[in-house]
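Peer 1: Everything below, folded, please.
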Amino acid sequence: MPTDDPMPVHSGESAVRVDARPPLAVVTIDRPAVRNAVDGPTARALYDAFVAFDDDDALAVAILRGEGAHFCAGADLEALASGDAERRNAIEPLRASDARSLGPMGPTRLQLRKPVIAAVDGYCVAGGLELALWCDLRVATERAVFGVFCRRFGVPLIDGGTVRLPRVVGMGRALDMVLTGRPVDAEEALAMGLVNRVVTPAALIGEAERLAGQLASAPATCLRNDRASVHEQWGLGERDALGNELRRGLETLRSGEALSGAHRFAAGAGRHGAGASEGVGAGEDGDAR
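Peer 2: A predicted model of the protein is given here:
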């Protein structure tokens, strides 16, 4: 487990790599010298990478990771202190609030159609924690550390941390993390639901890719509509949320995916949960009976 201070102390050129291997895309923050801290150019590069991912019909699932031993140490505080307007973009949000506005850390205000998985090693703190919370699922290593470490510097959570963290782990646990700024190790993060899987460092990318492959193999319209309904219900009352779920479900039914899946099931596919643990291959529905 890392023990040195994870707050960034240097800034550099924007560095974001995208490895597109349809149906997967791996987006890497490549600034290991500053524990993958995000400055203005890096925030915009991350934003552009995820807009391109969402617009590419060949890509179904993305993985967000950090180069080297850490996921992301948050906003580059030297950039904040520099007075350079371009470098400060990472921590000065745009006023726009639409589904494609640029967030201080880049993509954190984007509302994508497709799922994103965070592959977390080392420090995932401050704005880095907010990036991970923006993702749909989080796979972490045993040495991962989460926390609102920006508490000690008076830097606020402005990339969704105060909104998404309580929705993921509950109000009490969120307030504990937000108010104290204490470190949370991988074991505790798993217990509180902050992460979905914990693996060894050597297994991190393989597990993230396995999980991404499982999502990519599912019928896309149904997965995306169900995912959208889960996200959208937060801003709706129960009656409206149920109506929205029905609207999304009817859209899926009209696409023909469910009928196709029913025919495959009738022909014997997916019986007794076959395929449920390794991924729903070629749209085969697992049988819960």
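
Peer 1: so where do the helices sit in the stretch 151-289 of the chain?
Peer 2: 161-169, 171-180, 186-191, 204-217, 220-232, 238-255, 257-266 (DSSP state H, counting those that start in this stretch).

Peer 1: now the angle between helix 220-232 and the first one, please.
Peer 2: Right, the one you point to is helix 161-169. Angle of helix 161-169 versus helix 220-232, following axes from the mean of the first three to the mean of the last three C-alpha atoms, to 10 degrees, is 110 degrees.

Peer 1: could you dump the helices of the stretch 151-289 of the chain to JSON lines with mean pLDDT, distance to Ala60 and mean neighbour count?
Peer 2: In short, each C-beta sits where N, CA and C put it, glycine included. As requested, those are exported to JSON lines (pLDDT from 0 to 100; distance: least, C-beta to C-beta, whole Å; neighbours: other C-beta atoms under 10 Å):
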{"stretch": "helix 161-169", "mean pLDDT": "97", "distance to Ala60": "23", "mean neighbour count": "18"}
{"stretch": "helix 171-180", "mean pLDDT": "98", "distance to Ala60": "30", "mean neighbour count": "15"}
{"stretch": "helix 186-191", "mean pLDDT": "98", "distance to Ala60": "26", "mean neighbour count": "17"}
{"stretch": "helix 204-217", "mean pLDDT": "98", "distance to Ala60": "4", "mean neighbour count": "19"}
{"stretch": "helix 220-232", "mean pLDDT": "94", "distance to Ala60": "6", "mean neighbour count": "17"}
{"stretch": "helix 238-255", "mean pLDDT": "92", "distance to Ala60": "15", "mean neighbour count": "14"}
{"stretch": "helix 257-266", "mean pLDDT": "78", "distance to Ala60": "14", "mean neighbour count": "14"}
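
Peer 1: ok, which stretches of the stretch 51-200 of the chain are strands?
Peer 2: 61-66, 116-120, 123-125, 137-141, 145-147, 184-185, 197-199 (DSSP state E, counting those that start in this stretch).

Peer 1: Throw those into CSV and include distance to Gly213, thanks.
Peer 2: Putting those into CSV (distance: least, C-beta to C-beta, whole Å) gives the following:
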stretch, distance to Gly213
strand 61-66, 8
strand 116-120, 11
strand 123-125, 23
strand 137-141, 13
strand 145-147, 25
strand 184-185, 28
strand 197-199, 14
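
Peer 1: Pick the most deeply packed of those strands.
Peer 2: strand 123-125 (a mean of 30; mean count of other C-beta atoms under 10 Å).

Peer 1: Identify the residues contacting it?
Peer 2: Applying C-beta atoms under 8 Å, 6 or more residues apart in numbering, the contact partners of strand 123-125 are 2, 6, 35, 70-74, 118, 132, 140, 144-150, 183.

Peer 1: If we use 10 Å, what do you get?
Peer 2: 1-2, 4-7, 35-37, 66, 69-74, 118, 129-133, 138, 140, 143-151, 181, 183-184, 186, 189, 194-195 (C-beta atoms under 10 Å, 6 or more residues apart in numbering).
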